[in-house]
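Engineer: Sequence plus predicted model, see below.
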Amino acid sequence: MSTDTKLDAQASEILAAGYEVTHSKSPLFYDHYERKADLQQQTHYCPGCGHGIAHKLIAEALEELGLQDKTIFVSPVGCSVFAYYYFDTGNVQMAHGRAPAGATAIKRACPGKIVISYQGDGDLAAIGTAEIIHAANRGENITVFFVNNAIYGMTGGQMAPTTLVGQRSTTSPFGRRPINEGFPMHVCELIASLEAPAYIERVALSDNKNIMKARKAIRKALELQRDGVGFSFVEILSPCPTIWGKDPVEARKWIAEKMIPQFPLNVFRDHKHDPVVNNPVPHHTIPETLEIQTTDQGPRPELPKHQHHFQQFEIKVAGFGGQGVLLLGQLLTEMGMREGLEVSWLPSYGPEMRSGSAHCHVCLSKNRIGTPLISHPDVLVAMNEISLRKFAPQVASGGLILYNASRLPEDFELPQARVICIPASEIADKLGSTKSTNIVMMGALLEETECLLTATAEGVLETKVKKVELKEINRKALAAGHDFIDHYVRVGAVTQPDGFAY
Amino acid sequence: MRQLCKGNVAIVKGAILAGCKAYYGYPITPASEIAEAAALYFPQVGGTFLQAESEIAAINMVYGAAATGQRVMSASSGPGLSLMQEGISYCAGSELPCVIVDIVRGGPGLGNIAPEQSDYFAMVKGGGHGCYRNFVLAPASVQEMADLTVLAFELADTYRNPAIILADGFIGQMMEPLELDYREAKLPEKPWAVQGTHETRKNVISSIFLEPDDLEAHIRKLEAKYIRASRLEARHETFETNDAEVLLVGYGITSRVLRSAVEMARREGLKAGLFRPITLWPFPKEALRKAASKVSKVLVVELSNGQMVEDVRLSLEGKVPVEFYGRTGGNVPSVEEIHSQLMQRVMSLV
Ligand SMILES: Cc1ncc(C[n+]2csc(CCOP(=O)(O)OP(=O)(O)O)c2C)c(N)n1
Ligand code: SF4
């Protein structure tokens, strides 16, 4: 027999066993695998490995569709980590299991390109379960090729989520026992329970006929991505002769006899979505969006001329959440800023807020502010009794407490500070909205301390309060706070039941 | 014109001004406002915002976007940063520039959401696996949250390396005036990126080097970058150090308290000064050595049980006694507390 006839005979023998002879090499592969350290004419895959066939089918499809330049191939951690040795396309190698996350961002950065996430069963169905499910659920317009060989190849044969019941692996030495490891995972079926995916099919590299089906599925998945239809997913039941301890022919038989019954070949999803309604997103320039005043928006407003009587003035505002405690602090801070001061506002946050109380620190200063945390405020605005009791002892000696009530609690021990009771909630109620209690307190604070200008307050309220009705009430509330100090506090002492007068 | 802005929001504003095009993240207190601001701003200016399924996914999305050459960021707090470490190591290994923000909360474990500075080791010393470094920038004001974010993107691109903004819950939650200038961001060429084009077709983004010699050469190359960065990129700030007899050292929110403590000490006649590292990596060793050259004592204050203090001691090589005062659990020391610590320690000198 001549060499040729010998080869032919071998070929027909292999074909008879359900083997495809693949001599031609796709031009989409590099000619010479220069990125490999040695043996640069052959791949690093074992003889009969399904990865080689899957690579070839993908390369051919990309080539036929003319997508080579546009393709970004995302490779996993697994035996196919070195896909970039072979594919003459853009290549990004990702952490174990995370290829769909990387592919998501790549596609969003390069929307018109073809992004392929190529993953093994450990990569996709174990460590990367969350990433694949969520990429599928978002309907990312990428294509995922899922090579299911029922084992961890790269790391030497440990159990995969797709390992069959009873199948031995180095980490299931007695065979997979559902009582310990559960059952094989059916990823296509899982993904098919989601709404977004456009195309889901399971194919097998078990014989020529099935390889031809795989070829079609791979091509279709890529076409759908190219056409922007949505998430396409092809699971490829694939031989790993080395770890399975079988020769290539036996390995293919094993797919047909053992894997396919467990993982039925099927098209699980093949449809275009009806168009869905997405709320529109407004588009603005960067300066508009970031509220950056550019010079062409007219001259900067004049700062109010105000000689502040302090180097630094510290205010603590405290009360229930919902009393506008944080807002009052912010408004004062904004006012200080508009008056050309250095300012800082520091809120209490988190669970502390959830329990119902809130407080914030406001610092107004002529100099750069050191700590924004106030230990001894010049003024405490206490919106409720708990805050009064909690923070009054911290007030600087000679400081001021503004308390939202008509009188002090009976057993309250007076600190080294002046206290003014202001029935701000009542006043605000009468004006038509309890919500402006904080603004009544602000009016009183400004009138009593003259730390900032009422005109600035009016300006800030004008720009910061959006609701027209509330604007009007707030104006009145500010004035009422003022008046309260003017009429009831300055004109004639008001005597408290406990004998405390001011 | 100045605008009153929250620290966490300032980060996003800075990022957009720096030409950042995508944000991938997962919510966590006290960093959630960063994701919320990003969700609001990025789509409006034509960028991408995506809430990932986890911080693991988020950092790998960052990796993917960075591989295409986009300026991209993520933000989280301690637990989320722990989950991101593998991905950050991959970014460093594959030389992908990106910016990641850690608004530090109390730990270990679930800890609490109050401010700490206990992620210094995790961020500055690496955190993930392998021989790599992160740039680590520590803002101390709302203005710096924006400015250092811009700088972080520049450093990340210049060195093709992750850059981290390490701030705490207080700086994140605080509001202060923020002054922003709009200029179209100048983005560097990235011929190495993978963009699905003919020109970039041969590009590979990868961190795998199978041959020991190849990996060693790669690590040497990274190391050369880190040496250059250490020489060129260390930044710091000093306050009243010229005639200082005691030097306070702290970063972030702590440096603000220390600044007030220096003022208080000086009012009482004690010549105190402040040294504040702005870059935690590279650590401003030389500058610290200079600032500490004439003092008789250094007091390092951190919201941890002592992390940066190790770098201070390494820098000063035992030439000056270095003492430490730390608070944890979310407690931020008051100025009075620092003052009394300072006085006790100075008294112990005489
Ligand atoms: C975080 C992490 N954990 C574990 C590994 C080790 N590892 C590398 S590949 C692999 C499994 C590969 O199996 P599979 O995804 O099925 O691919 P195959 O090699 O079979 O193609 C594992 C566990 C890793 N690289 N990273
Ligand atoms: S171990 Fe299995 S999956 Fe890996 S290359 Fe060999 S045959 Fe292929």
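Structural biologist: That came through fine. Ligands and ions are numbered 1, 2, ... in the order given.
Engineer: helices or strands up against the helix or strand residue A:471 falls within?
Structural biologist: Element membership for residue A:471, per DSSP states H and E: helix A:468-483. Packed against helix A:468-483 by the contact rule (3 or more C-beta pairs under 8 Å, 6 or more residues apart in numbering or on different chains; DSSP states H and E) you find helix A:424-431, helix A:437-449, helix A:454-464. (Each C-beta comes from the backbone N, C-alpha and C, glycine too.)
Engineer: now the longest helix seen in chain B, how far from the centre of its chain.
Structural biologist: Counting by DSSP state H, the longest helix found in chain B is helix B:212-232. Relative to its parent chain, helix B:212-232 has a centroid offset of 21 Å by C-alpha atoms, centre = their mean, to the nearest Å.
Engineer: Tell me, what's the model's pLDDT at residue 350?
Structural biologist: Looking at chain A here, since you left the chain open. Confidence at residue A:350, expressed as pLDDT, is 60.
Engineer: was after chain B, sorry
Structural biologist: Confidence score, pLDDT, at residue B:350: 51.
Engineer: Equivalent analysis for residue B:347, please.
Structural biologist: pLDDT at residue B:347 comes out at 74.
Engineer: Give the burial count for it, as a bare number.
Structural biologist: Residues near residue B:347, counting by other C-beta atoms under 10 Å in any protein chain shown, number 8.
Engineer: For the stretch 101-250 of chain A, what lies in contact range of ligand 2?
Structural biologist: Within reach of ligand 2 by C-beta under 6 Å from any ligand atom, the stretch 101-250 of chain A has these residues: A:149, A:153, A:240-243.
Engineer: Can you select the buried ones among these for me in ChimeraX?
Structural biologist: The ChimeraX selection below is limited to those of those classed as buried (16 or more other C-beta atoms under 10 Å in any protein chain shown):
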select /A:149,153,240,241,242,243
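Engineer: Any chance of TSV for the residues of the stretch 101-250 of chain A next to ligand 2, columns secondary structure and distance to chain B?
Structural biologist: Shown next, in TSV, are those (DSSP: H, G, I helix; E, B strand; the rest coil; distance: C-beta to the nearest C-beta, whole Å):
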residue	secondary structure	distance to chain B
A:149	coil	21
A:153	coil	16
A:240	coil	20
A:241	helix	22
A:242	helix	18
A:243	helix	20
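Engineer: those strands in the stretch 201-350 of chain A, which residues are they?
Structural biologist: Per DSSP state E, counting those that start in this stretch, the stretch 201-350 of chain A carries strands over the ranges A:232-237, A:266-270, A:312-320, A:342-347.
Engineer: Can you say which of these is packed in most?
Structural biologist: strand A:232-237 (a mean of 28; mean count of other C-beta atoms under 10 Å in any protein chain shown).
Engineer: could you give the angle of it to strand A:266-270?
Structural biologist: Here the directions of strand A:232-237 and strand A:266-270 differ by 170 degrees (axes from the mean of the first three to the mean of the last three C-alpha atoms, to 10 degrees).
Engineer: Report the distance from strand A:232-237 to the chain centre.
Structural biologist: With C-alpha atoms, centre = their mean, you get 27 Å for strand A:232-237.
Engineer: quick one: strands adjacent to that strand?
Structural biologist: Within its sheet, strand A:232-237 is paired with strand A:143-148 (parallel), strand A:199-204 (parallel), according to DSSP bridges.
Engineer: now, of the ones you listed, which is deepest in the fold?
Structural biologist: Highest mean neighbour count among the strands paired with strand A:232-237 (mean count of other C-beta under 10 Å): strand A:143-148, with a mean of 28.
Engineer: Check which element follows it along the chain.
Structural biologist: helix A:178-181.
Engineer: burial of residue 238, as a residue count?
Structural biologist: You didn't say which chain, so I picked chain A. Neighbour tally, residue A:238, other C-beta under 10 Å: 29.
Engineer: my question was about chain B
Structural biologist: With other C-beta under 10 Å as criterion, residue B:238 counts 17.
Engineer: follow-up on the earlier one: of the strands paired with strand A:232-237, which approaches residue A:435 most closely?
Structural biologist: strand A:143-148 (52.2 Å; C-beta to C-beta).
Engineer: What residues does residue A:121 make contact with?
Structural biologist: Contacts were defined as C-beta atoms under 8 Å, 6 or more residues apart in numbering or on different chains; by that measure residue A:121 touches A:146-152, A:160-162.
Engineer: To ligand 1, which of the strands of the stretch 201-350 of chain A lies closest?
Structural biologist: strand A:232-237 (11.0 Å; C-beta to the nearest ligand atom).
Engineer: what does the closest one rub up against?
Structural biologist: Counting by C-beta under 8 Å, 6+ apart, strand A:232-237 makes contact with A:50, A:54, A:136, A:142-149, A:187-188, A:191, A:197-206, A:214, A:217-218, A:220-222, A:224-225, A:255, A:259-260, A:263, A:265, all of which sit outside it.
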